[in-house]
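In: Sharing a model prediction with you, sequence too.
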Amino acid sequence: MSLRQFFGLSNGELMRPDAKPCSAMMRQTASIFGIGGALVFWTFSKVHYGPRITFPRAVRWGLCGAVTGSSSTALLVRLFSTECEPQNVAAYDKPTSP
């Protein structure tokens with residue numbers, strides 16, 4: 001699913017065996033940016049509503065920021081990271097069992 005081959009940025013080589021697999025890279029990036037997104041959107045809610053802000057409204061904005069931040073960065077990692085090229089996913093990621 002990586003777009004690196006589409007844009008001509010990939011040479012088709014396998015990554016080093018000690019590098020992080022794609023699933024771990026996506027999970028870590030999504031968790032970091034989920035927390036950051038929650039904090040940023042919470043700040044946006046405080047600026048937007050001012051003294052009229054209520055706790056449920058601030059929590060709702062924070063949750064939307066966490067979902068937006070984590071999903072968008074996980075998608076960008078999946079599309080543009082060298083670890084997520086098809087040959088590296090096939091070689092180093094653990095298969096998911098149903």
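Out: Received, thanks. Residues are numbered from 1 along each chain as shown.

In: which parts of stretch 10-27 are buried?
Out: By neighbour count with 16 or more other CB atoms under 10 Å, stretch 10-27 contains the buried residues 10, 15, 21-23, 25-26. Every residue, glycine included, has its C-beta placed from N, CA and C.

In: Leu3: helix or strand, and which one exactly?
Out: Here Leu3 sits in a region with no helix or strand, counting by DSSP states H and E.

In: who's in contact with it?
Out: By CB atoms under 8 Å, 6 or more residues apart in numbering, Leu3 lies in contact with 79-80.

In: any idea how far it is from Thr29?
Out: Separation of Leu3 from Thr29 (CB to CB, to the nearest Å) stands at 16 Å.

In: Would you check which pair of the buried residues of stretch 10-27 lies furthest apart?
Out: Farthest-apart pair in the buried residues of stretch 10-27 is Ser10 and Ser23; separation 18.9 Å (CB to CB).

In: Neighbours of Ala90, how many?
Out: Number of residues near Ala90 (other CB atoms under 10 Å) recorded here: 10.

In: which residue is nearest the middle of this protein?
Out: The structure's the chain has its C-alpha centroid closest to Ala74; by CA atoms, centre = their mean the separation is 2.1 Å.

In: Correct me if wrong: that one contacts Ala30.
Out: Yes. Taking CB atoms under 8 Å as the definition, Ala74 is a contact partner of Ala30 at 4.1 Å.

In: chain center to the strand or helix carrying Ser71, what's the gap?
Out: Under the assignment given by DSSP H and E, the secondary-structure element containing Ser71 is helix 55-80. Here helix 55-80 is found 9 Å from its chain centre; the criterion is CA atoms, centre = their mean, to the nearest Å.
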